[in-house]
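A.B. asks: Prediction below, plus the sequence it came from.
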Amino acid sequence: MNDLEKLHMLYEGKAKKVYKTKDEDKFIVEYKDDATAFNGVKKGKIADKGIVNNQMSGILFRLLQEKGIENHYIDTLGDREMLVKAVKIIPVEVIARNVAAGSMAKRLGVEEGKAFKAPVMEFCYKSDELGDPLINEDHIEALELATKEEIDKIKSYTLKINEILQEFFCRKNLRLVDLKLEFGLFEGKVILADEVSPDTCRLWDINTDEKLDKDRFRRDLGNVEESYQEVLRRLKK
Ligand code: 5GP
């Protein structure tokens, strides 16, 4: 049997399925077209989103590896499939914000589009039942989601990743407004995992501020598929 064959499904999330392989250190991730927003309240499909997110994550994970950021990416196997290291996900979503938008703009009454002098970092507890609540470093330690050392690593990797991606997207005429990252443990080390795509980043056209990310789906702005394809087209240029 091929080592890279999918065995049984380990987990199905809102946007991806994760399969075991014969090699216990490797998983296969399959990217779906399903889209959800507002903690699953709004549901739909974005045609070929899985293909775009798989390709885009592949491009960005390879870029980050070249820049010395360890991540779970091993190889792209097909249109929707990626071979990854079998990390144990740390149940914390890490958000870096360069520009006010989304939940932060709403919660704090900041005008969407206000650029920050330095990135703002936030943590959310990854829990569908609780609606991914905002938490702080003390909560992460108290709930034993990660150790102090792991949190420090996650913070410094996040700042570095945000810097690398901001510069890369800028060259593609895209403004990285914010991004959500997830990290995992592999062989005792904290590494970047999950995906980096228009589902997990806010990307605006650098000249017009046109939204080219999942907000087009969340806010019913139209041209959802076209925007995902446009981001991928720019990244490949
Ligand atoms: P906000 O907190 O403003 O809704 O989201 C901030 C950033 O993190 C956005 O780029 C958003 O796409 C991403 N993000 C936050 N939570 C989630 C989540 O549960 N799933 C996904 N895919 N992205 C999220």
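C.D. replies: The structure has been received and is ready for your questions. Keep in mind it's a predicted model, so treat the numbers as computed, not measured. Numbering: from 1, shown residues only.

A.B. asks: Only C-alpha atoms from now on, for both contacts and neighbour counts.
C.D. replies: Fine.

A.B. asks: Name the nearest residue to Thr76, ignoring sequence neighbours.
C.D. replies: Spatial nearest neighbour of Thr76, excluding adjacent residues (Cα to Cα, 6 or more residues apart in numbering): Met82 at 4.5 Å.

A.B. asks: Can you tell me the element that neighbour falls in?
C.D. replies: When elements are defined using DSSP states H and E, Met82 is found to belong to strand 81-85.

A.B. asks: what's the following helix or strand after that strand?
C.D. replies: Next in sequence after strand 81-85, counting helices and strands by DSSP H and E, comes strand 88-99.

A.B. asks: buried stuff in that following strand?
C.D. replies: By 16 or more other Cα atoms under 10 Å, the buried positions in strand 88-99 come out as 89-99.

A.B. asks: Could you tell me which residues of the protein lie near the ligand?
C.D. replies: Residues of the chain that fall close to the ligand, judged by Cα under 6 Å from any ligand atom: 95, 101-104, 178-180, 199-202.

A.B. asks: Show me those residues that map onto strands.
C.D. replies: Using DSSP state E, the members of the residues of the chain next to the ligand that fall in strands are 95, 178-180, 201-202.

A.B. asks: Make TSV out of those and add distance to Lys6.
C.D. replies: Output for those, formatted as TSV (distance: Cα to Cα, whole Å):
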residue	distance to Lys6
Ile95	31
Asp178	33
Leu179	30
Lys180	27
Cys201	28
Arg202	32
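
A.B. asks: Looking at those, spot the one nearest Asn53.
C.D. replies: Nearest to Asn53 among these is Cys201, at 11.1 Å by Cα to Cα.

A.B. asks: burial count for the closest one?
C.D. replies: Residues lying near Cys201 (other Cα atoms under 10 Å) number 22.

A.B. asks: Is it in contact with Leu176, as I believe?
C.D. replies: Yes. Judged on Cα atoms under 8 Å, Cys201 makes contact with Leu176 at a distance of 7.2 Å.

A.B. asks: And the residues of the chain next to the ligand, which two are furthest apart?
C.D. replies: Longest span within the residues of the chain next to the ligand, Cα to Cα: Met104 and Asp199, 17.2 Å.
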